[in-house]
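>>> take a look and give me a structure for this.
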Amino acid sequence: MTSDEQAIRNLLFTYAERIDRGDIEGMARLFEHAAYRAGDQPPITDWRAVAHLNQTLVILYEDGTPKTQHDTTNVLIELDPTSTKASARSRFTVLQCAPGQPLQLIVAGRYHDTFEKHANTWRFATRHIFMDLIGDLTKHLRLDKLAEAQRRP
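Sure thing, here's the model as predicted:
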């Protein structure tokens, strides 16, 4: 694995780590120069809007975390050797152990990402999230707010 591939993997894993720590702003800042998109929703191109959306939707508990574990696997990275661009496809699985609930799998899906290298540092250019297998999200997301957000243009 090249150092470029490892830097990209580190970005993927940093996203998961920050969400699981409840660091929504830190997670959103990863998209300071990127478009963030879930499903068929329009892309969000302002990291502050990404932060606001996630702060509205994600339920944080007394310890400041969502009581989740985001596992990112099956990472396939394609580097363009003639430029400072790359893409990756990966899978995610989210486990949760919310208060009063057993440990359970709540969602699984895919990330389709692109990256750009700027000033010798890799950063996200786009992230498209696909939730393929959806379980009980009632302890993770404010589903009424999710439905409201999906209705907005």
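>>> all strands for the chain, in order.
35-38, 68-79, 85-96, 104-118, 121-134 (DSSP state E).
>>> of the ones you listed, which is nearest residue 29?
Residue 29 lies closest to strand 121-134 among the strands of the chain, at 10.2 Å (CB to CB). For the C-beta atoms, the positions are set from N, CA and C on the backbone; glycine is no exception.
>>> contacts for the closest one, please.
With contact meaning CB atoms under 8 Å, 6 or more residues apart in numbering, strand 121-134 is reached by 4, 7-8, 11, 15, 30-39, 43, 85-86, 106-117.
>>> show me the shaky parts of this structure.
The model of the chain has pLDDT under 70 over residues 1, 146-153.
>>> pull the longest helix from it.
helix 3-21 (DSSP state H).
>>> which residues are contacting that helix?
Applying CB under 8 Å, 6+ apart, the external contacts of helix 3-21 come out as 1, 24, 26-27, 30, 54, 58, 64-66, 68-72, 75, 77, 79, 86, 88, 90, 92, 111, 113, 115, 117, 121-124, 127.
>>> buried subset of those residues?
Using 16 or more other CB atoms under 10 Å as the burial test, those include 24, 27, 30, 54, 58, 66, 68, 70, 72, 75, 77, 79, 86, 88, 90, 92, 111, 113, 115, 117, 122-124, 127 as buried.
>>> I am finished for the moment; much appreciated.
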